[in-house]
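[1] my questions are about this predicted structure, shown below with the sequence.
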Amino acid sequence: MQRSSSMSPYAPIRYRDSFWWQFTRDAAQHGAITPSGQIAHDLPDRIMQTLCQPAATMAVEEFKGQPDGSRLSLQVMAKMMELRHWIPLAGQFELCGRQIFDLTDDLVEMLAVTDIGDCTLEGWHAPYDAFFVRFGPQTEIKLPFDDGFEYLDGAFVAVTPWGDVPGDRRIKFGFTTVHEDGRGVEMPGYFLDLNPAEQAMPILDGIAASIERRVASMRDPDESPSALDACRRGMLEEAQTLMQQAILLLVNALFYIESTNNKKGDTAVEPGRDTPVDQVVAWAQAQPARRAKLRSRMTADGYVLVHLLGKELQFNSGAKTGGTVRSHWRRGHWRQQRVGPQRAQVERRWIKPTMVNADRPHDELPGHVYVVGNSNGVSSLH
């Protein structure tokens, strides 16, 4: 029996039973979306006619007579119009093998204290044309939702061709969120994309330029702004801070994935973090030929196989200065380093964050402390 997907730690599983994801899967299966992210010319109109307009009609009827009914109906329509970006993104994810990178909590903690500096996404190498990165709920990256909040927990990433210049690409991001109790937010989250010029800018500058471009696209210079366009612009601008925070964590994750050389077919997958123990044990003990059957069983039960990253890091007590300074993070950063014959290639290297004075009180810090260096073993101090 399939379990409920709403509490899955992975957004692709939480979304799979939604009306819009089912539309996406059908569009992908019938060629309206390609693995490279290109779409049929009529797909945006089909999304509007099949999904957006019926939802708007239902919203108007549902909120009829309420004091703020018009505003609520506009918000529903504005959110639904984001499906024109999300459906091609989700369809590309489906067609590229449903790849999921699951970052351990310890790795996420370290990436959160790593500085981006003036790094750009120009020249970044994607492991797949589309994939999902799971962080887990980030309590510091949130937006109000009804009487509570929604928290960032992951992001879809995809690259698609851009313009007529060979090699130019568009990088797309779709951020996913969860409620305070861990339930996934059913509707798609916040979408951003970077064109080649924006990819060449420092990350936050590129994001600001992207948002400005999208806001400008919602204005018709020859007409008075519509209430719907004003609502769409307002929602985008309201989410700008969340997206700026989210992109810093996400880009650190993308650089980490790149630095570990997770190229197509190079990394083994393993059961996701919510898979029952008996299925995890069966997977670990099975020969490769039997794993295809086990994978089918897990998928049918609502579980997923993932690329788990972070187990390769070594955890220890960190650096001590010998002084009286309370324990704190020494922030990490990225360094461009020349490698290869005649040092002709440039490779991004992670200078990991470390804990200073790890033996001193640090009530405000999480439980683990870390040491720079890679190891096949994993240990931790609490």
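    Alright, I've got the coordinates. Numbers count the residues shown, from 1 in each chain.
[2] lowest mean pLDDT among the helices and strands of the chain, which one is it?
    Within the chain, confidence by mean pLDDT, DSSP states H and E is lowest for strand 328-330 among all helices and strands, at a mean of 75.
[3] so how far is residue 54 from residue 226?
    20 Å (C-beta to C-beta, to the nearest Å). C-betas here are computed from N, CA, C, even on glycine.
[4] ditto for residue 79
    The span separating residue 79 from residue 54 equals 14 Å under the rule C-beta to C-beta.
[5] comparing those two, which residue is more hemmed in?
    Shown here are residue 79 and residue 54; by other C-beta atoms under 10 Å, residue 79 has more neighbours (18 against 13).
[6] now the more buried one. Nearest residue, chain neighbours left out?
    Distances taken as C-beta to C-beta, 6 or more residues apart in numbering place residue 187 nearest to residue 79, at 5.6 Å, with adjacent residues excluded.
[7] list phi and psi for that neighbour.
    Phi and psi for residue 187, reported as degrees, to the nearest 10, are phi -80, psi 150.
[8] and for it, the neighbour number?
    Residues contacting residue 187 under the criterion other C-beta under 10 Å number 16.
[9] do the same with residue 14
    The criterion is other C-beta under 10 Å. On that basis, residue 14 has 23 neighbouring residues.
[10] quick one: contacts for the residue nearest the centre of the chain?
    A centroid search over the chain (C-alpha atoms, centre = their mean) returns residue 155, at 1.1 Å, as the residue closest to the centre. Residue 155 makes contacts with 132, 133, 135, 173, 174, 175, 176, 246, 250, as judged by C-beta atoms under 8 Å, 6 or more residues apart in numbering.
[11] go through those residues and name the one nearest residue 62.
    Closest approach to residue 62 among the contacts of residue 155 (C-beta to C-beta): residue 176, at 25.0 Å.
[12] following the host helix or strand of the closest one, which helix or strand comes up?
    Mapping residue 176 onto the secondary structure by DSSP states H and E places it in strand 169-179. Under the assignment DSSP H and E, the closest C-terminal helix or strand after strand 169-179 is strand 190-194.
[13] so which bits of the helix or strand just after that next one are buried?
    Of the helices and strands lying after strand 190-194 in sequence (DSSP H and E), the nearest is helix 196-199. Of the residues in helix 196-199, those buried by neighbour count under the rule 16 or more other C-beta atoms under 10 Å are 196, 198, 199.
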